[in-house]
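> Here is my input, please return the structure:
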Amino acid sequence: MSKKRSWIRAGVLVSVLGLIAGACSTSTKKDTAAPAGDQRIERVRMVGGQMGYPTPYAYSKGPGLAMTDLAFDTLLWKDASGKMIPWLATSWQMSPDGKEWRFTLREGVKWQDGQPLTAEDVVFTYEYDTTGPGKSALGVIGQIPVTGTAIEAPNVVVLKLATPYAPFEDTVAGRVPIIPKHIWQNVTDPAKFRDPTALIGSGPYRVAAWDDVAGSYAYDADDSWWGGPPKVKRVEFVASGNDLLSLQRGEVDVASPSGIVEQALAPFENNDRYGILTAPGESTTALHFNLTKGFPYDNKQFRQAMATSLDRPDMVKRLLLGRGEVANTGNVANSHPMVAPNLPTYSLDVTKAKSMLDALGIKDVTGDGMRELPDGQAFQPELFVATGTVKTGELMKEYLRAVGIDLQIKSVDQATHDQSVAGGNYTMALVGYGGLGGDPDWLRQRLSSKIQSRTFLRVQGFNNPRFEELAAAQLVTTDVAQRTQMIQEMQRIVADELPVLALTLATRTTVYDKTVFDAWYYTPGAVFGLVPGLINKHVFVTGKQVGF
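Numbering: from 1, shown residues only. Purely as a prediction, here's the structure:
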């Protein structure tokens, strides 16, 4: 066992210069190939950002959880195969009725402070997160359906459910970070817990430094980790104003920028130094209709007319610069294994859209080319957007003007946007999110009227009895073929009712320096498309895409 590494305490903010200046100030590039075989890699640098305090209860956004997972382990994990692999648990099984999950824990695991990790820690974690203080501070982990726990043997834990839960492995066992009882048992406000011990987990990396203001973080390998010394010795997240430029300068080793143009990729193509990883898109900007606002937003024909007015292939060209595709109307990724076939596309048809609007009584009465509502008032619907989606809104305004709709764009900062959308303070809004390639229970979480929690991801006012029936049934159906049929019918309902319309899917693109590290992959079914996504500790630990 190697001796413990020293690390910067949580209360000490490290400026971006202090954290990475020595590592990143030079643009000199190495001429050596990436380390092969068992040779360890000194450092991998990724683009950072403001991701909060790196504990299971204070991180921010999906990538923040993936970064936190470097220090905190879960029972199960995912590699590039897309299947769950053993992690803190070496084996697991579901009871015949689907209401119990039994995990055999890995023996000899220790927390980073040297204390042993036991079955009591696992039980404590799930109780803390379901009935204790952690319940209200779980972030993107979401609600956990565990209703009881038991320790059957010193290394065997049983998690109990009220009903079967189809995505349990993926969204519970593989997502909930296990925390040490001896540190958290007296913590009543986990989101504000900033003692240095809050950063102690059982993961392969220790938090070495962090500066949320600068968006910079550093993690050092824990060579005493239960899986052995990690392949990558140090993982850094570096603030960057231009991802690809930072990669060219040698300031980062991998970049996944959005809105890439072919010209920007030119320096990296046909270049032995760099690799380019691409995959179908799983993130979108979607048009949300607030059905609680009455006519015409609660009218299906109006929503269909809106969809028929939008030139979404043109959006792919002008917004994604051709690097993407039109999203399907079922609200899952086009590449998802459970995507429904033959969904309606609502292709651009100005004549048809005008006819549909006329039939609703939304007509051009004054002859100025713009439409009025049946009561004679000018129809000037408002589109609520964040500053990052203004261009999308402007394109929509252009398209809708062609059918006589005078769209008004209201732009606010992202935080204000998310808060207002979560509170239902809009009629129509553009909302950006990933995860369309993850577990399709996402449809229920975003569209079911039974969900009480409010988040900007929720669609307001949608209530379809058949959808609700299917949403409840698929959740407890563990037979994949049967569940797929239910999920596909849910998509067909969404495509017909159109309470939400995903507009485009941007092709995922990552450019990386092969001389530093070349094992990158996108984690299949990553939560929100981001967790763990590209930031998968498995690849840092093993240097491989599959297995140990």
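> for the closest residue in space to residue 288 that isn't next to it in sequence, helix, strand, or coil?
Using Cβ to Cβ, 6 or more residues apart in numbering and skipping residues adjacent in sequence, the residue nearest residue 288 is residue 429, 4.8 Å away. Placement of C-beta: from N, CA and C, glycine included. Secondary structure, DSSP: H, G, I helix; E, B strand; the rest coil: residue 429 is strand.
> how about low-confidence regions in the stretch 151-300 of the chain?
Within the stretch 151-300 of the chain, no stretch has pLDDT under 70.
> show me where it has strands.
156-161, 205-211, 216-221, 234-238, 254-255, 274-279, 284-289 (DSSP state E, counting those that start in this stretch).
> counting contacts, what elements does the shortest one pack onto?
Applying 3 or more Cβ pairs under 8 Å, 6 or more residues apart in numbering; DSSP states H and E, one finds that strand 254-255 contacts strand 44-47, helix 243-248, strand 508-513.
> Give the partner strands of it in its sheet and their orientations.
Strand pairing for strand 254-255, using DSSP bridges, gives strand 508-513 (antiparallel).
> quick one: residue 74 and residue 516, what's the gap?
Residue 74 sits 27 Å away from residue 516, going by Cβ to Cβ, to the nearest Å.
> Ok, residue 502 next?
Noted for residue 502: a distance of 35 Å to residue 516, by Cβ to Cβ.
> got it, and residue 112?
As judged by Cβ to Cβ, residue 112 and residue 516 stand 26 Å apart.
> Toward the C-terminus, what is the element adjacent to the helix ranked longest in the chain?
The residue-count maximum for a helix in the chain (DSSP state H) belongs to helix 480-497. Scanning forward in sequence from helix 480-497 by DSSP states H and E, the next helix or strand is strand 500-502.
> and that next one, which strands flank it?
When sheet partners are counted by DSSP bridges, strand 500-502 sits next to strand 284-289 (antiparallel).
> So what touches the partner strand?
297, 303, 306, 310, 327, 331, 389, 392, 396, 421, 426-434, 436, 459-460, 498-506 (Cβ atoms under 8 Å, 6 or more residues apart in numbering).
> swap in stretch 466-484?
Residues outside stretch 466-484 that contact it (Cβ under 8 Å, 6+ apart) are 94, 98, 163-167, 337-338, 440-441, 443-444, 447-450, 486-487, 489-490, 493-494, 497.
> And stretch 486-493, by the same measure?
Contacting residues not belonging to stretch 486-493 are listed as 328, 330-332, 338-341, 343, 440, 443-444, 464, 466-467, 470-471, 473-474, 477 [Cβ under 8 Å, 6+ apart].
> With stretch 92-105 instead?
By Cβ under 8 Å, 6+ apart, stretch 92-105 touches 75-76, 88-91, 117, 119, 122, 152, 155-165, 168-169, 173, 476, 478.
> Just the terminal-to-terminal distance for it.
The straight-line separation of the ends of stretch 92-105 (Cα to Cα, to the nearest Å) is 9 Å.
> Give the buried residues for that stretch.
Buried residues in stretch 92-105, counting neighbours by 16 or more other Cβ atoms under 10 Å, are found at 92, 94, 98-105.
> got it, and stretch 455-463?
456-462.
> Quick one: mean pLDDT for that stretch?
For stretch 455-463, mean pLDDT is 90.
> Below-threshold pLDDT in the stretch 351-500 of the chain: ranges please.
Those would be 453, if you go by pLDDT under 70 across the stretch 351-500 of the chain.
> in it, which spans are strands?
So, for the stretch 351-500 of the chain - with DSSP E, counting those that start in this stretch - the strands run 382-386, 408-412, 428-433, 500-502.
> Partner strands of whatever helix or strand comes next after the last one, with direction?
Moving toward the C-terminus from strand 500-502, the next helix or strand (DSSP H and E) is strand 504-506. Within its sheet, and counting by DSSP bridges, strand 504-506 is paired with strand 324-326 (antiparallel).
> Kindly give a single PyMOL line that selects the buried subset of the contacts of stretch 486-493.
Typed into PyMOL, the line below selects the buried ones among the contacts of stretch 486-493, using 16+ other Cβ under 10 Å:
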select buried, resi 328+330+331+332+338+339+340+343+440+443+444+464+467+470+471+474+477
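> Quick one: the strands of the stretch 151-300 of the chain as a markdown table, columns for distance to residue 42 too.
Formatted as a markdown table, those follow (distance: least, Cβ to Cβ, whole Å):
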| stretch | distance to residue 42 |
| --- | --- |
| strand 156-161 | 37 |
| strand 205-211 | 14 |
| strand 216-221 | 10 |
| strand 234-238 | 7 |
| strand 254-255 | 15 |
| strand 274-279 | 19 |
| strand 284-289 | 38 |
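> want to throw those into a markdown table with distance to residue 317 and mean neighbour count?
Shown next, in a markdown table, are these (distance: least, Cβ to Cβ, whole Å; neighbours: other Cβ atoms under 10 Å):
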| stretch | distance to residue 317 | mean neighbour count |
| --- | --- | --- |
| strand 156-161 | 47 | 20 |
| strand 205-211 | 39 | 24 |
| strand 216-221 | 36 | 25 |
| strand 234-238 | 32 | 23 |
| strand 254-255 | 23 | 24 |
| strand 274-279 | 18 | 15 |
| strand 284-289 | 15 | 23 |
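> Which of the ones you listed sits closest to residue 58?
Shortest distance between residue 58 and the strands of the stretch 151-300 of the chain, using Cβ to Cβ, is found for strand 205-211: 10.9 Å.
> Also compute the angle for the closest one relative to strand 234-238, please.
With axes from the mean of the first three to the mean of the last three Cα atoms, to 10 degrees defining the directions, strand 205-211 sits at 30 degrees from strand 234-238.
> Now do strand 205-211 against strand 216-221, angle only.
160 degrees.
> Now strand 205-211 - C-alpha only, PDB.
The C-alpha trace of strand 205-211 is given here as PDB (Å, rounded to 0.1, in the frame of the first residue of the first chain):
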ATOM      1  CA  TYR A 205      -9.500   9.500  -6.600                       C
ATOM      2  CA  ARG A 206      -9.100  12.000  -3.800                       C
ATOM      3  CA  VAL A 207     -10.100  15.600  -4.200                       C
ATOM      4  CA  ALA A 208      -6.800  17.400  -4.400                       C
ATOM      5  CA  ALA A 209      -8.100  21.000  -5.200                       C
ATOM      6  CA  TRP A 210     -11.200  22.800  -6.200                       C
ATOM      7  CA  ASP A 211     -12.300  26.300  -7.200                       C
END
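> Just list what it packs against, helices and strands only.
Other helices and strands packing on strand 205-211, by 3+ Cβ pairs under 8 Å, 6+ apart, are helix 16-24, strand 216-221.
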